[in-house]
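**Q** sequence plus predicted model, see below.
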Amino acid sequence: MTNKLRYFIGNWKMFGDFGSFKIIHKINQFSRKSKNQSKKKIILCVPNTLIHFFKKKLKSKFISLGVQNCHYHQGYGPFTGSVNASMLKKAGAEFVILGHSENRSEGETNQLIKKKIESALNEELSVIFCIGETLKEKKRAKTFSILKNQIKSSLEKKFNVNKIIFAYEPVWSIGTNKIPKMNELKSTIKFIKNEFKKTFKTKKSPKVLYGGSVNDKNISLFSSISEIDGFLIGGASQSSKKFIDIIKNYYK
Ligand code: PGA
């Protein structure tokens, strides 16, 4: 069993209402009682409509809360339907997922994501920065060049790296029950870490998570790759049992 800090981050996507607090409550109870408290970090990224309510109700140091996107603009402005990083921070978010492929597919570019990251960091939110290739790109052996470009065009040296967690999520693995081959995944995670160090001339390795169809059955496969610092879990995080079983089985 690893001794390194591992992240288990839930991405609820467009899911949940006030009653869904029971899921958070159960995960919190599990986290409070579990061993190796300091070796794992549990974060639930919920819809904007729930963050304030959950934060008030939770009052826990055993799990943290985040959201799933923010507008790039700092301060108020004429952006109908949008919410900025400062508003989300005040509502109780500590983390924000940015660059998720479901948002990229609706038009978010690397340049826009960069503005969002900068804005979130200025508000002292921690960023879960998603990168990953499509199936078409994978088939054309473009994975590394896509990842390199996503890293280079969305980050800047001046950004506080300590507040950025990478999530490698191959687009073809999200919600499909398909996962990468473990040897490929290992080299991709290593590539991301090295690429980051090279680009930003630092010796410090970033945290890199894996995301895409993680469940309680396949989690044990991933635990063999020590370079993976944790997981971004979508569908399975909408059930306390599935989410808790993933964590339990990771440490088995
Ligand atoms: P999934 O989603 O676990 O449902 O594949 C992962 C994600 O979108 O972050």
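**A** Arrived safely.
**Q** every contact and neighbour count from this point should use C-alpha atoms.
**A** OK.
**Q** what ranges does this protein have for its helices?
**A** Listed in chain order, the helices found in the chain under DSSP state H are 21-33, 48-58, 85-91, 101-104, 110-122, 135-139, 143-154, 182-199, 219-222, 240-250.
**Q** Gln74 is nearest to which of those helices?
**A** In this view, the helices of the chain are compared for proximity to Gln74 by CA to CA, and helix 110-122 is the closest at 6.2 Å.
**Q** any buried residues in the closest one, and which?
**A** If you call a residue buried by 16 or more other CA atoms under 10 Å, then helix 110-122 has these buried ones: Asn110, Leu112, Ile113, Lys114, Lys115, Lys116, Ile117, Glu118, Ser119, Ala120, Leu121.
**Q** what's the local residue count around the residue nearest to Thr176 when sequence neighbours are not counted?
**A** Distances taken as CA to CA, 6 or more residues apart in numbering place Ser213 nearest to Thr176, at 6.3 Å, with adjacent residues excluded. Other residues near Ser213 number 24, with proximity taken as other CA atoms under 10 Å.
**Q** which residues of this structure lie near the ligand?
**A** For the chain, the residues in contact with the ligand (CA under 6 Å from any ligand atom) are Asn11, Ile174, Gly175, Gly211, Gly212, Ser213, Val214, Leu232, Ile233, Gly234, Gly235.
**Q** ok, now how distant is Arg104 from Glu133?
**A** Arg104 sits 11 Å away from Glu133, going by CA to CA, to the nearest Å.
**Q** out of those two, which sits in the more crowded spot?
**A** Between Arg104 and Glu133, Glu133 has the larger neighbour count (other CA under 10 Å), namely 23 against 16.
**Q** now do stretch 217-228: distance to the chain's middle.
**A** Between the mean C-alpha point of stretch 217-228 and the mean C-alpha point of its chain there is a distance of 17 Å (CA atoms, centre = their mean, to the nearest Å).
**Q** can you tell me the distance between the two ends of that stretch?
**A** The straight-line separation of the ends of stretch 217-228 (CA to CA) is 17 Å.
**Q** low-confidence ranges in this protein?
**A** Applying pLDDT under 70 to the predicted model, the residue ranges of the chain that meet it are 1.
**Q** spatially central residue in it, please.
**A** For the chain, the residue nearest the mean C-alpha position is Ile128 (4.2 Å; CA atoms, centre = their mean).
**Q** mind listing what that residue touches?
**A** Listed by CA atoms under 8 Å, 6 or more residues apart in numbering, the contact set of Ile128 reads Phe95, Val96, Ile97, Leu98, Ile164, Ile165, Phe166, Ala167.
**Q** is it true that Ile228 touches Val208?
**A** Yes. The criterion here is CA atoms under 8 Å, and Ile228 meets it with Val208 at 6.0 Å.
**Q** joint contacts of these two?
**A** Common contacts of Ile228 and Val208 (CA under 8 Å, 6+ apart): Ile189.
**Q** residues in contact with the nearest residue to Val208 once chain neighbours are set aside?
**A** Using CA to CA, 6+ apart and skipping the chain neighbours, the partner closest in space to Val208 is Phe166 (4.6 Å). When the contact criterion is CA under 8 Å, 6+ apart, the partners of Phe166 are Ile128, Phe129, Cys130, Ile131, Pro206, Lys207, Val208, Leu209.
**Q** what's the answer for Phe144, then?
**A** For Phe144, the contacting residues are Thr188, Phe191, by CA under 8 Å, 6+ apart.
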